[in-house]
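Undergrad: Please work out how this folds:
(one chain, ligands or ions: 1)
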Amino acid sequence: MDLDALRKEIDSIDQELLERLNKRVQLAQKVGHYKLERGMEVYVPSREEEVFGKLTANNQGPLPAEAVRAIYREIISAAISLEKPLKVAYLGPEATYTHQAALKNFGSSIPFTPMNSVPDVFTSVCRGDADYGVVPVENSTQGTVISTLDMLVESELTIVAQIYLKISHCLISQSPLEKIKSVHSKDNALGQCRQWLARMLPGVELVDSASTAASVEYAAKNPEAAAIASRIAAELYKVPIVEENVMDKTDNVTRFLVIGRTPTPLLGEGRDKTSLAFSLHDEAGSLLKALTPFSSRGINLCKIESRPSRRKAWDYYFYVDIIGHQDEPHVKEALEELEGICPVLKLLGSYPNSGL
Ligand SMILES: O=C(O)C(=O)C[C@]1(C(=O)O)C=C[C@@H](O)C=C1
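TA: I've put the predicted structure just below:
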């Protein structure tokens, strides 16, 4: 085998690829002009999903589907940044899992701004300081992020996309296990490691932090403290990893939402999800009545949970995710019927049911 000849061939393919990539990005810029002239959004999650879907369906290998997606994520990220400089706010500080989710969804050509809290992310998008926001919404081990559900109902923003991220927690500290006096992290992350902490660090104080990354910042300054956060956060704040994979379930996944001001267009073929919240009259059978518009049309419900409405005591909002888009006739009909049944109905957004 002639190494030089192989490398020469790679160089020539790279040159071809580069020319084709620049051609592709120029076309995206033309699409960008078209959309901006008409006040349309530059970032279109449903179109991106269509692009990823076609490529992975036609992929002959040996590149695995995830690699094709990751490569194209970066190509489209660069295309977006040449169409219009987008600004994306996320629940910070730097190196939170939300930051990683934002990178996974938007790629590395988009500038990200860290915010201190979930409500701050919503405010930043509402005010127009950011075009989009990224917030966590639920974890497969620990459940819902309450502040996100509350903000979704209160704000006028809409969910435009979802992102799933595998979460692998590390115990991060300057001290070995036996010298650790307190463990700091976001409450939801501490909950994901509850059994491990009870087994390995019984009796050690558990302290809620503003974020996983903030807890590593704290551990950097306090040698007897430990943090629970990602490997990336440990590297950023230069604090040693004492133990990896300290979460109770290895298939620990968090779902994040991208919030924006303009709804995402229909993708179709059962590939969309719609989130909504409603309240009920206090009477027998009202929940069954509210779900019938969906079941009677064969609309699949993929999530339901309730939270106090904060309007009056013992009044609840039901948060429901269904398969389908609010612009599809059968979903529209179901929502119209539901409106006649529920005192409050709020559509939280329709978006591609992907992001894995
Ligand atoms: O098709 C568009 O609307 C584009 O702007 C092009 C493109 C792409 O590069 O494929 C870029 C950004 C959008 O989020 C979706 C797709």
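Undergrad: ok, Leu91 touching Val145?
TA: No - with contact defined as Cβ atoms under 8 Å, Leu91 does not count as touching Val145 (9.2 Å). C-betas here are computed from N, CA, C, even on glycine.
Undergrad: residues near Arg20, how many?
TA: Other residues within reach of Arg20 by the criterion other Cβ atoms under 10 Å amount to 10.
Undergrad: What score does it have for pLDDT?
TA: At Arg20, the model reports a pLDDT of 98.
Undergrad: In a strand, it, correct?
TA: No - counting by DSSP: H, G, I helix; E, B strand; the rest coil, Arg20 falls outside a strand, being helix.
Undergrad: could we number from 16 for the rest of this?
TA: From this message on, residue numbering opens at 16, which makes the last subject Arg35.
Undergrad: Give me the distance between it and Gly76.
TA: Arg35 is 20 Å from Gly76, where distance means Cβ to Cβ, to the nearest Å.
Undergrad: Centre of the chain to stretch 16-33, how far?
TA: Stretch 16-33 sits 38 Å away from the centroid of its parent chain (Cα atoms, centre = their mean, to the nearest Å).
Undergrad: give me the element Arg39 is part of.
TA: Using DSSP states H and E, Arg39 sits in helix 18-52.
Undergrad: Is the ligand within reach of that helix?
TA: Yes - using Cβ under 6 Å from any ligand atom, helix 18-52 reaches the ligand at 43, 46-47.
Undergrad: Show me which residues of the stretch 166-315 of the chain sit near the ligand.
TA: Residues of the stretch 166-315 of the chain that fall close to the ligand, judged by Cβ under 6 Å from any ligand atom: none.
Undergrad: Break down the stretch 166-315 of the chain into its strands, ranges please.
TA: Along the stretch 166-315 of the chain, the segments classed as strands by DSSP state E, counting those that start in this stretch run 173-181, 185-188, 197-200, 220-223, 240-244, 256-259, 268-275, 287-293.
Undergrad: List the strands paired with the third one, with their directions.
TA: Sheet pairing of strand 197-200 (DSSP bridges) gives strand 220-223 (parallel), strand 240-244 (parallel).
Undergrad: Dump those strands to CSV, plus mean pLDDT and mean neighbour count.
TA: Converted to CSV, the strands paired with strand 197-200 look like this (pLDDT from 0 to 100; neighbours: other Cβ atoms under 10 Å):
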stretch, mean pLDDT, mean neighbour count
strand 220-223, 96, 14
strand 240-244, 97, 29
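Undergrad: more neighbours, Leu106 and Val160?
TA: Taking neighbours as other Cβ under 10 Å, Leu106 and Val160 compare with Leu106 leading, 29 against 24.
Undergrad: Identify the residues contacting the closest residue to the more buried one other than its chain neighbours.
TA: Spatial nearest neighbour of Leu106, chain neighbours left out: Thr113 (4.2 Å); criterion: Cβ to Cβ, 6 or more residues apart in numbering. Contact analysis of Thr113 by Cβ atoms under 8 Å, 6 or more residues apart in numbering lists 105-107, 149-151, 271.
Undergrad: Need those in JSON lines (columns: secondary structure).
TA: Shown next, in JSON lines, are these (three-state DSSP):
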{"residue": "Tyr105", "secondary structure": "strand"}
{"residue": "Leu106", "secondary structure": "strand"}
{"residue": "Gly107", "secondary structure": "coil"}
{"residue": "Val149", "secondary structure": "strand"}
{"residue": "Val150", "secondary structure": "strand"}
{"residue": "Pro151", "secondary structure": "strand"}
{"residue": "Phe271", "secondary structure": "strand"}
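Undergrad: And those residues, which is closest to the ligand?
TA: Proximity to the ligand was ranked across those by Cβ to the nearest ligand atom; first place goes to Val149, at 15.2 Å.
Undergrad: Please tell me the pLDDT value assigned to Gly370.
TA: pLDDT, Gly370: 68.
Undergrad: List the buried residues for stretch 91-104?
TA: Using 16 or more other Cβ atoms under 10 Å as the test for burial, stretch 91-104 gives 91-96, 98-99, 101-104.
Undergrad: Restricting the selection to alpha carbons, write it to PDB.
TA: Coordinates of each C-alpha in stretch 91-104 appear next as PDB, following Å, rounded to 0.1, in the frame of the first residue of the first chain:
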ATOM      1  CA  ILE A  91     -25.800  23.700   8.900                       C
ATOM      2  CA  SER A  92     -24.500  25.600  12.000                       C
ATOM      3  CA  ALA A  93     -22.000  27.400   9.700                       C
ATOM      4  CA  ALA A  94     -24.700  28.000   7.100                       C
ATOM      5  CA  ILE A  95     -27.000  29.600   9.700                       C
ATOM      6  CA  SER A  96     -24.300  31.900  10.900                       C
ATOM      7  CA  LEU A  97     -23.700  33.100   7.400                       C
ATOM      8  CA  GLU A  98     -27.500  33.700   6.800                       C
ATOM      9  CA  LYS A  99     -27.900  35.800  10.000                       C
ATOM     10  CA  PRO A 100     -26.000  36.000  13.300                       C
ATOM     11  CA  LEU A 101     -28.300  34.100  15.700                       C
ATOM     12  CA  LYS A 102     -28.100  34.600  19.500                       C
ATOM     13  CA  VAL A 103     -28.900  31.700  21.800                       C
ATOM     14  CA  ALA A 104     -29.400  32.000  25.600                       C
END
